[in-house]
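Colleague: Pasting a predicted model and its sequence here:
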Amino acid sequence: MEKAQLPAKYRKMDYYLRDCARLLGGRGSFLDIGCSAGLLCFLAREAGFHAVTGLDHDRDYVGILAVASQVSGLPVKVLLGDWRGAPGEYDVVAGMAVLHGIHSATAAEGSFDEIFRHLASRTRRYLLLEWVAPEDDAFARFAPVAGSTGVQREPYTRENFLAAAQPHFAAVDAVIETSPTRQVYVFRKQPPLRPEPPKISFSSVVRIRDTSVSKTFQPRALVLHPEILAREKRALALLFGVPGFPVLLAADERSLHLTLAGDPASPANLPNDAEAQGRALVAAMRQKGIRHNDIHPGNLQVKEGALYLIDFAWASFDDEPRDFLPDRIGVGRGVRAPGDPFDDQVMMDRSIAILRGKGR
C-alpha cells in the first residue's frame, strides 16, 4: 500500500497503529466498527495486528472488503451487522466517524453511557472513537442526529461524550486530529503498559503514554515566549511523514500530542551509522526551510535503529530572522560555547560525538 498517497487522516492512524501493534508485541487483535471498504483494517493488518475484523451494516461494503482481503493476501475477518454485532473481545476497537450515527441509533437507551458500556465490554485494551463535532458537514447529511431530541437523555456534546467515558476507561491515552471538526480519542481501559513519571522542565511537562507523547507547555514559559508552541507545531507540520521526526497527531492551545520517537539516545543504542543519519535529518530540515537551533544529546532518540530528532520549540524558518533566539540555548550541554553560531549540523555532529564518549 502506497502510504504517501493516503489522506493525512489515515497516515496519522497508520503511524499510531504501528506503535500500538509494536507495544502489543505483534499479537494484538483489532476490530473496526463501521469499516466501510476496510482501509483501516488493512492498515492495522500491515501494522502488525495478527487478527483483524471489519464490521459494517452495509452489505456492499462487506462484500468489497471480503474480495479485497482475498486479492491483497491480507486476511481480514468480515462481519455484517450493526455496531453491537461483533462477538467476543478485542485488544483494540476502532470506530471512525460512526459516533454520531451510534448516538442516534441508541435512542432507546438515550445516552453516551450506554455506548461506552457496550464498547468497553468488547475492548481489552484501547477504544479509538472519532468525535464528530456538531458543526461537521456530516450532520447536514445525517438528519436523525440533528433532530433526535425526543427520548434521548442528553445532548450530543463533547462534554457529555468525555464524561460518559470516565467510568469505563482509565484514561485518554492519545488524541489524533483527523480534521478541524474531528478527533479520534484513544481511551485506555487497563493500567498503562509503560508507566513513566512526567518529565518536567521550565518550558513543558512531557507525559509518555502507552502509544503517544503529550507535551504540555508551562503557563510561565508561554508568557515569556508565547511563540514556542506555534513554532513546534509549524515545524512538525512541515515535517509530517518525513522519517526521523515525531508525527504531530493533534494540538490545542497548550499541548501537542505526538507519536513516540523511541528511547533517549545513549551509547548503548546509538546506531552505527548515526553520523550519516544525523546528516540526513539536518538535510531534511533544510529542505523544508527549518532550523532546529537546539540540537543536543537530550533531543536525540532512537527507535528501531533509526535516529530521531525532537523538541522544535526554538525552531526558526527561512522566512524570518533568527534574532529572537536566546544565546543560552545549547550552552552548558556540551554542544555550544557562548557566542557560537546556531549551526544545526555542527550541533548534530557534536551531540553524536558526546554520545560516543568523544566529547566536543
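Modeller: Alright, I've got the coordinates.
Colleague: Can you report how many residues lie near Leu80?
Modeller: By other C-beta atoms under 10 Å, the residues close to Leu80 number 15. C-betas here are computed from N, CA, C, even on glycine.
Colleague: hang on, isn't it packed against His57?
Modeller: Yes - using C-beta atoms under 8 Å, Leu80 is in contact with His57, at 7.2 Å.
Colleague: Now do the shared contacts for the two.
Modeller: Residues touching both Leu80 and His57 (C-beta atoms under 8 Å, 6 or more residues apart in numbering): there are none.
Colleague: which phi and psi does Val93 have?
Modeller: Note on Val93: its backbone torsions stand at phi -120, psi 130 [degrees, to the nearest 10].
Colleague: isn't it right up against Ser121?
Modeller: No - the criterion here is C-beta under 8 Å, and Val93 misses it with Ser121 at 10.0 Å.
Colleague: With neighbour numbers in mind, choose between those two.
Modeller: Applying other C-beta under 10 Å to Val93 and Ser121 shows that Val93 carries more neighbours, namely 26 against 10.
Colleague: ok, that one to Arg125 distance?
Modeller: 9 Å (C-beta to C-beta, to the nearest Å).
Colleague: Leu300 - how many residues pack around it?
Modeller: Neighbour tally, Leu300, other C-beta under 10 Å: 27.
Colleague: The residue nearest to it when sequence neighbours are not counted - how many residues pack around it?
Modeller: Excluding its sequence neighbours, the residue lying closest to Leu300 (C-beta to C-beta, 6 or more residues apart in numbering) is Ala265, at 4.0 Å. Residues lying near Ala265 (other C-beta under 10 Å) number 23.
Colleague: ok, now which ones touch Ala265?
Modeller: By C-beta under 8 Å, 6+ apart, Ala265 lies in contact with 274, 297, 300-302, 307, 355.
Colleague: With respect to Leu40, which of the residues you listed is nearest?
Modeller: Of all those, Leu40 sits closest to Gln301, with 27.6 Å by C-beta to C-beta.
Colleague: so which strand or helix has that closest one?
Modeller: Taking DSSP states H and E as the criterion, Gln301 maps to strand 300-303.
Colleague: which helices and strands does that strand pack with?
Modeller: When contacts are defined as 3 or more C-beta pairs under 8 Å, 6 or more residues apart in numbering; DSSP states H and E, strand 300-303 packs onto strand 263-264, strand 306-309, helix 344-355.
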